[in-house]
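Undergrad: Please work out how this folds:
(one chain, ligands or ions: 1)
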Amino acid sequence: YNSQVLIHKPLTHVKGVKHIIAISSGKGGVGKSSTAVNLAAALSVQGAKVGILDADIYGPSIPTMLSMADADLTSLDGKLMEPVKSFGLVTNSIGYLSKGNDAMIWRGPMASKALIQLLQETNWPDLDYLILDMPPGTGDIQITLGQQIELSGAIIITTPQDIALLDVKKGVMMFNEVKVPLLGIIENMSWHTCESCGHESHPFGIDGAKKIAEEFKLPLLANIPLDIVLREDLDAGCPTTIARPNHRITEIFTNLAARV
Ligand code: ADP
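TA: This is a model prediction of the structure:
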């Protein structure tokens with residue numbers, strides 16, 4: 001990543017928000033948003049006040065995952081945006097603003113400025129956690145966000161695949177550089193259990209994240225299986241942690257929430 005873009009500006013603090021936690025990934029499609037929304041919901045089920053800021057300009061999927069894709073942003077005072085409420089969570093997303101694909105062609109400085117504005121100009125209620133679903137990667141936008149937002153910590157999501165793990169290393173180095181504490185690594189798509197015969201397979205490899213976590217002395221916070229239910233629930237607009245209180249996926253996220 002390009003450390004040349006490091007700048008020194010005061011950190012953006014959001015009044016009334018105790019912890020902003022960044023959920024990041026080195027590359028897209030590893031399950032960052034799925035993890036962000038299920039973790040947020042698990043924290044909320046445990047009684048915490050939780051918000052999500054969907055900053056994934058390349059694929060703002062949180063509105064769909066919470067049945068809010070058609071929501072329009074409103075303002076009570078003509079200045080601040082009211083967050084969209086769903087399942088006890090409050091959210092704002094670049095997706096509520098763009099509705100189409102125009103956000104995807106933003107240049108870096110414009111994107112990070114817009115994301116920080118989204119954070120600052122939302123009328124967040126008092127929150128224990130604001131989960132920040134970061135854009136994937138370790139480019140200028142991510143560095144700027146990491147540097148300008150007062151983050152309590154960051155979590156990196158990866159699959160066990162070698163090519164994803166290389167990007168995890170870049171992510172660890174980036175957060176170290178911008179002095180954001182890393183809470184740990186989550187491995188998604190760790191294994192798959194065949195629904196008919198119960199056979200366990202590892203389509204993306206075994207223990208990749210465990211090795212990286214050991215190398216950087218970081219906690220491996222969770223292993224999440226590849227599970228059709230997780231995908232179906234999000235496509236249907238209700239995270240598994242809310243839709244199925246007794247499912248094994250919910251149990252994994254409940255344990256994860258207790259570690260955050
Ligand atoms: P990212 O935010 O990293 O781009 P997403 O969370 O959008 O990734 O996930 C990409 C796709 O994979 C989505 O369709 C999601 O439902 C699916 N998915 C993610 N994790 C799992 C999993 N553990 N089991 C099944 N499907 C998953």
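
Undergrad: where does the stretch 151-260 of the chain come near the ligand, residue by residue?
TA: Within the stretch 151-260 of the chain, the positions lying close to the ligand (C-beta under 6 Å from any ligand atom) are Asn188, Met189, Ile224, Leu226, Asp227, Leu230, Arg231, Leu234. Using the backbone N, CA and C atoms, a C-beta is placed for each residue, glycine as well.

Undergrad: Give me the secondary structure label for the fourth one.
TA: In the three-state summary, Leu226 is assigned as coil, counting by DSSP: H, G, I helix; E, B strand; the rest coil.

Undergrad: Pretty sure it sits against Met189.
TA: Yes. Leu226 is within contact range of Met189, at 4.5 Å (criterion: C-beta atoms under 8 Å).

Undergrad: Looking at the two, which has the bigger crowd around it?
TA: Between Leu226 and Met189, counted using other C-beta atoms under 10 Å, the more crowded position is Met189 (24 against 18).

Undergrad: nearest to Glu150, of the residues of the stretch 151-260 of the chain next to the ligand?
TA: The shortest approach to Glu150 among those belongs to Asn188, at 26.9 Å (C-beta to C-beta).

Undergrad: quick revisit: which residues do Leu226 and Met189 both contact?
TA: Pro203 (C-beta atoms under 8 Å, 6 or more residues apart in numbering).

Undergrad: related to what we said a few turns ago, who wins on neighbours among the residues of the stretch 151-260 of the chain next to the ligand?
TA: Neighbour max across these (other C-beta under 10 Å) = Leu230, 26 neighbours.

Undergrad: residues contacting that one?
TA: Going by C-beta under 8 Å, 6+ apart, Leu230 touches Ser34, Asn38, Ile224, Thr240, Ile249.

Undergrad: 6 Å - rerun?
TA: For Leu230, the contacting residues are Thr240, Ile249, by C-beta atoms under 6 Å, 6 or more residues apart in numbering.

Undergrad: Distance of Pro225 relative to Pro245?
TA: 18 Å (C-beta to C-beta, to the nearest Å).

Undergrad: Over to Leu89?
TA: With C-beta to C-beta as the criterion, Leu89 and Pro245 are 16 Å apart.

Undergrad: So if I had to pick from these two, which one is more boxed in?
TA: Higher neighbour count among Leu89 and Pro245: Leu89, with 24 against 11, using other C-beta under 10 Å.

Undergrad: Quick check: buried residues in stretch 19-29?
TA: Buried residues in stretch 19-29, counting neighbours by 16 or more other C-beta atoms under 10 Å, are found at His19, Ile20, Ile21, Ala22, Ile23, Ser24, Ser25, Gly26, Lys27.
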